[in-house]
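Novice: Got a sequence here, can you model it:
(one chain, ligands or ions: 1)
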Amino acid sequence: MEQQPVNVMEYEAIARTRMEASAYDYYAGAAGDERTLAENRRGFDRLLLRPRVLVDVSRVDTATTLLGESLALPILLAPTAFNRLAHPDGECAVVRAAGRAGTLLVASTIASCSVEEIAAAATGPLWFQLYVYKDRELTKALVARAEAAGCRALVLTVDTPRLGRRERDVRNGFVLPPHAAIRNFADVGRATEAGWTSGSSFFDYVFRLFDASLGWEAIDWLQSITRLPVLLKGILTPEDARLAADAGVAGIVVSNHGARQLDGVAATIDALPAIVGAVDGRLPVLLDGGIRRGTDVLKALALGARAVLIGRPYLWALAADGEAGVSRALALLRDELELAMALAGRPTIASIDASLVERGPFWL
Ligand SMILES: Cc1cc2nc3c(=O)[nH]c(=O)nc-3n(C[C@H](O)[C@H](O)[C@H](O)COP(=O)(O)O)c2cc1C
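Specialist: Coordinates of the predicted model:
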């Protein structure tokens, strides 16, 4: 690569030239009119920073801890499906880059490397994202495999009883190419259907196989079959955040699935403050959706997130330059965060508080 990207957004243009058009659209796209996709970014734009000066920032430390994990930066890698659409090494390249940066990947249930393969490549902690299948035995076996592979937390995605309608995929007739197949079920003879590779759409796959009847009792069930901490990903209201805390989960992720599920929901950064208020310190609150800059991380932390996750930025970097790309994307975000902390007079994660942000004027 001649000119290296100077921010993570520049990876998208490179990825676009490297990927099949329909695979690019699958990554880039979102539900419906993609209004929430734009909102996720606009929400950050509407917030302004209030820097303090004459603070000793000769040392700036982005390190933090989260559920017992020591992280070099408060930026995790969100679960994303089918990473082999971007690069032949797929999730294995991503997990190596995450470990090198001192952070962790949440490996997706529908990854194109199996959880065992990803765990074997991991050099740091690994978490596992779970979708609950109608076939509870299949789900239970998957949880057991994630545990056996050494995953240290389960992130149950609760916003996907069905797949959102992503019109780019409908228009493209997007079907998964065999090289990016769901690897977790490739060897489960009985469940070949769960190992869907091609033919039908991903929309149909989710409709046929994911358990749309899931209720709060399923959280008890999940906690009863695992010794791992369970986080819920896809919380958007204080009501559900309170129920999650009551259910005894270890954490929640304020997420709208990168705007890929219900179009018309709020930007996650706008949903965050009320949720943080509602859980009142009972559990850590994480956030994803639209994080593209170190200053976005700073704003999310100021409003009470303990850490954030990124999705598309690392996928673009993976498509552009494999593991090295993901490493560089993480380094760019870390450097931006560190600089923003210095310029804001907040030299540690603990020193970032709500007084660091204010709402911009109404026209923003
Ligand atoms: C291509 C793609 C695939 C995704 N697959 C999953 C998945 O398998 N499980 C899940 O819980 N979330 C999935 N997500 C949502 C991400 O975990 C995350 O919520 C979202 O990407 C964050 O927004 P961002 O892309 O703006 O950073 C996916 C997102 C993208 C873009």
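
Novice: R168 reaches A31, doesn't it?
Specialist: No. Counting by CB atoms under 8 Å, R168 does not reach A31; the two are 10.1 Å apart. From N, CA and C alone the C-beta is placed, and that goes for glycine too.

Novice: Which one of these two is surrounded by more residues?
Specialist: Neighbours around R168 and A31, counted as other CB atoms under 10 Å, are more numerous at A31. The numbers are 23 against 17.

Novice: That one belongs to a helix, doesn't it?
Specialist: No. Using DSSP: H, G, I helix; E, B strand; the rest coil, the assignment for A31 is coil, not a helix.

Novice: The closest residue to it other than its chain neighbours: neighbour count?
Specialist: The shortest distance from A31 to any non-neighbouring residue, by CB to CB, 6 or more residues apart in numbering, is to G164 (3.6 Å). Other residues near G164 number 23, with proximity taken as other CB under 10 Å.

Novice: Could you do L126 as well?
Specialist: L126, neighbours per other CB under 10 Å, totals 23.

Novice: Check what pLDDT the residue lying closest to it once chain neighbours are set aside gets.
Specialist: In this structure, L126 finds its nearest non-sequential neighbour in C151, 5.2 Å apart by CB to CB, 6+ apart. Confidence at C151, expressed as pLDDT, is 98.

Novice: and the residue nearest to L364 when sequence neighbours are not counted, how far is that from the ligand?
Specialist: Nearest non-adjacent residue to L364, counting by CB to CB, 6+ apart: R46, 4.7 Å away. Using CB to the nearest ligand atom, to the nearest Å, we find R46 at a distance of 16 Å from the ligand.

Novice: give the contact list for R46.
Specialist: Going by CB atoms under 8 Å, 6 or more residues apart in numbering, R46 touches R359, G360, L364.

Novice: And for T348?
Specialist: Contacts of T348 by CB under 8 Å, 6+ apart are V60, D61, M341.

Novice: Helix, strand or coil: sort out the residue in the stretch 151-300 of the chain positioned nearest to the ligand for me.
Specialist: Nearest to the ligand in the stretch 151-300 of the chain, going by CB to the nearest ligand atom, is G258, at a distance of 3.0 Å. Following three-state DSSP, the label given to G258 is helix.

Novice: from the middle of its chain, how far away would the lowest-mean-pLDDT helix or strand in the chain be?
Specialist: Least confident helix or strand, the chain: helix 202-209 with a mean of 88, by mean pLDDT, DSSP states H and E. A distance of 21 Å separates the centroid of the chain from that of helix 202-209, by CA atoms, centre = their mean, to the nearest Å.

Novice: Give the closest residue to whatever residue of the chain ends up closest to the ligand in space, chain neighbours not counted.
Specialist: The nearest approach of the chain to the ligand comes at G311, 2.1 Å away (CB to the nearest ligand atom). Excluding the flanking residues, the one nearest G311 by CB to CB, 6+ apart is A78, at 4.3 Å.

Novice: Report pLDDT for the one you found.
Specialist: 99.

Novice: ok, it - contacts?
Specialist: V106, S255, G258, D288, L309, I310, G311.

Novice: what do you get for D288?
Specialist: D288 neighbours (CB under 8 Å, 6+ apart): A78, V253, V254, S255, G258, T268, V308, L309, I310, G311.

Novice: residues near the last one, how many?
Specialist: Taking other CB under 10 Å as the neighbour definition, G311 ends up with a count of 20.

Novice: List phi and psi for it.
Specialist: phi -110, psi -90 (degrees, to the nearest 10).

Novice: Roughly how far does it sit from L138?
Specialist: Remark: distance between G311 and L138 (CB to CB, to the nearest Å) = 25 Å.

Novice: do the same with the first one
Specialist: Here the distance between A78 and L138 works out to 23 Å (CB to CB).
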